[in-house]
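J.: need a structure here:
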Amino acid sequence: MRILVVSTMVPAPPDRGDRIRGYEMLHAFRQFGEVRLFLIGSGQPSAPADAALKALDVKIDTFEVSRLERVKGIVEAMMSNRPWASWRVPRINAMLAARGQWDVVVGFQLKSAYFASSIPAGLHILELTDSLGLYRTEMPVGANVLRWLSLSGADQEEAKWAASFDTAIVSSERDAEEIVRRSFSASVKVVENGAMAWTAPVTSQGMKDSLLFIGSLHYPPNRDGLVWFLRDVWPTILATQPDMQLRVVGEGPRGAGRWMKGPRVSWVGYVSDLTPEYNRAVALVNPIRYGTG
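T.: Numbering: from 1, shown residues only. Below is the predicted model:
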């Protein structure tokens, strides 16, 4: 079986939520035959991403999108009341359609739907992961105004494409219900999040001296949850456990340290191996107050 996955992001290495889901998807498809990955506009994968994909024996083709094409696509999406990230490049679509017939074509996330739909295949699958329309509905506007605006029209866009593909996949029943509510003709299946245990189990050796928050601070719900936790929960914990530390682990934008307000709080940043952090943690902190998936 020949399976083609189309994506506008590199789903590797498996060190962040969306990359983990994409990577595990590739790993699962690889059990059924040849898997090829078409990357649209993402450029060449980083060395860690390339190594991770080669470990799965996934072949990669990249289709570059110029800055001008991307800007034109974003402006056109805004004027059409579509999510800004759902830019379209007809030139790329023509190239993809000419790359032959596939048994299965999978579009990874909503941004890829336009591109994946143009490729001849026996079966078209759209891996939506979650409902961006539901995410926008739940997102406090003041939390990130630009992000809220950028998702304008996401509900109509995902409902339209879910109905256009043979099957759409999301990670929870709630997300599936939201999409089907907007498009009764859509065939939506739930594939829950999961990940292979690639490393040895975490041990209990060493000193347990911290609470651990893990998550990308580029993701608004993570930032919102961390700020809330530091403001409303952390002082109460320190009142009874004055020696406790909070370690925040994950990538983040420049200046992300301004969210780390509170004593005995440290932002570790991105680390390639979480084992030492797990080993010293008393518990994990997951203060997510909104979001989907």
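J.: what's the longest strand seen in the chain packed up against?
T.: Secondary structure of the chain per DSSP state E: the longest strand is strand 121-129. In terms of contacts (3 or more CB pairs under 8 Å, 6 or more residues apart in numbering; DSSP states H and E), strand 121-129 is packed against helix 17-29, strand 102-108, helix 113-116, helix 154-164, strand 167-170. C-beta: built from backbone N, CA, C; applies to glycine.
J.: Return the list of strands paired to it, each annotated with direction.
T.: Sheet partners assigned to strand 121-129 using DSSP bridges are listed as strand 102-108 (parallel), strand 167-170 (parallel).
J.: List the contacts of the first one.
T.: Counting contacts by CB atoms under 8 Å, 6 or more residues apart in numbering, the residues outside strand 102-108 that touch it are 1-7, 9, 11, 22, 25, 29, 33, 113, 115-117, 119-127, 161, 165.
J.: Which residues in it does the neighbour count mark as buried?
T.: W102, V104, V105, V106, G107, F108 (16 or more other CB atoms under 10 Å).
J.: ok, now the shortest one?
T.: By 16+ other CB under 10 Å, the buried positions in strand 167-170 come out as A168, I169, V170.
J.: pretty sure the last one is touching L126, no?
T.: No. Taking contact to mean CB atoms under 8 Å, the distance of 9.5 Å between V170 and L126 leaves them out of contact.
J.: now the chain, which segments are flagged as low pLDDT?
T.: 196-206 (pLDDT under 70).
J.: Could I get the full set of helices for it?
T.: 17-29, 47-55, 67-79, 90-97, 113-116, 132-138, 145-150, 154-164, 173-182, 220-232, 234-240, 275-280 (DSSP state H).
J.: Pipe the ones you listed into CSV and attach distance to G269 per row.
T.: As requested, the helices of the chain are exported to CSV (distance: least, CB to CB, whole Å):
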stretch, distance to G269
helix 17-29, 17
helix 47-55, 16
helix 67-79, 29
helix 90-97, 35
helix 113-116, 33
helix 132-138, 26
helix 145-150, 22
helix 154-164, 30
helix 173-182, 31
helix 220-232, 14
helix 234-240, 19
helix 275-280, 11
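J.: re the thing from before, could I get the helices and strands packed on strand 121-129 in a markdown table, plus columns for distance to V268?
T.: As requested, those are arranged in a markdown table below (distance: least, CB to CB, whole Å):
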| stretch | distance to V268 |
| --- | --- |
| helix 17-29 | 18 |
| strand 102-108 | 29 |
| helix 113-116 | 36 |
| helix 154-164 | 33 |
| strand 167-170 | 32 |
